[in-house]
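>>> Here you go, sequence then predicted model.
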Amino acid sequence: SQELEQSPQSLIVQEGKNLTINCTSSKTLYGLYWYKQKYGEGLIFLMMLQKGGEEKSHEKITAKLDEKKQQSSLHITASQPSHAGIYLCGADRNSGYALNFGKGTSLLVTP
Amino acid sequence: DGGITQSPKYLFRKEGQNVTLSCEQNLNHDAMYWYRQDPGQGLRLIYYSQIVNDFQKGDIAEGYSVSREKKESFPLTVTSAQKNPTAFYLCASSIGGTQNTGELFFGEGSRLTVL
């Protein structure tokens, strides 16, 4: 089965700093999804990437999928306390419409 | 408002008891899913259903059961056979079928604690 490795596991950044979270797949990614989770709550969809080299942005968050479609990065510019939470990458499974998920990256933004 | 509703949000259970977690959606989605989340483990798929009256096992189905008698409902029963049931359970849905975009819509989760 496909495994998704996320790095780093956790991150503490000062407000206003930029940061990057990585997601690496053991297999070619045909659909890569980024979600955010506030502690103890459900997941909120951020972005989906499908094509090699694709890049999408929403507010201060940019996600990229590399040309080989095995690695994705999530970049946050000028972080704010509202960015704190767990970021998870997900990828299409071979069966059904369910997703496999990485273990998540826990982000804390300090004043 | 359209969305997914999970209940209860918190649940305590004694060992040896079965418990059922509710998941209801009014998004008219065909596909529904149950995931389990443990600290440091990420989300693991328990069961999924692509259409009414049909469901398949995910990666960790042992000790769990589901039903899909109605399109909007996908309850999960945690049986006494589940060795480590204490966890955060997340229900999700997606459009499914030929129009599926891949995006999953999640409920707020149910936290089960076995005493």
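That came through fine.

>>> which regions of the chain lie under the pLDDT threshold?
In the absence of a named chain, chain A is used. When residues are selected by pLDDT under 70, those of chain A lie in A:1-2, A:95.

>>> try chain B instead
Using pLDDT under 70, chain B drops low at B:1.

>>> got the residue ranges for the strands in the chain?
Went with chain A since none was named. Taking DSSP state E as the criterion, chain A contains strands spanning A:4-7, A:10-14, A:19-25, A:32-37, A:43-49, A:55-58, A:61-65, A:71-76, A:85-92, A:99-101, A:105-110.

>>> Please refer instead to chain B.
B:4-7, B:10-13, B:19-25, B:31-38, B:42-51, B:54-57, B:64-66, B:76-78, B:87-94, B:105-106, B:110-114.

>>> returning to what we had before: now for the strands of chain A, which one comes closest to B:L104?
strand A:99-101 (6.1 Å; Cβ to Cβ). Where C-beta positions appear, they are placed from N, C-alpha and C, glycine not excepted.

>>> Partner strands of that closest one and their direction?
strand A:85-92 (antiparallel) (DSSP bridges).

>>> now the angle from the strand it pairs with to strand B:31-38?
130 degrees (axes from the mean of the first three to the mean of the last three Cα atoms, to 10 degrees).

>>> Tell me what angle strand A:85-92 forms with strand A:105-110.
Using the same axes, to 10 degrees: strand A:85-92 against strand A:105-110 is 150 degrees.
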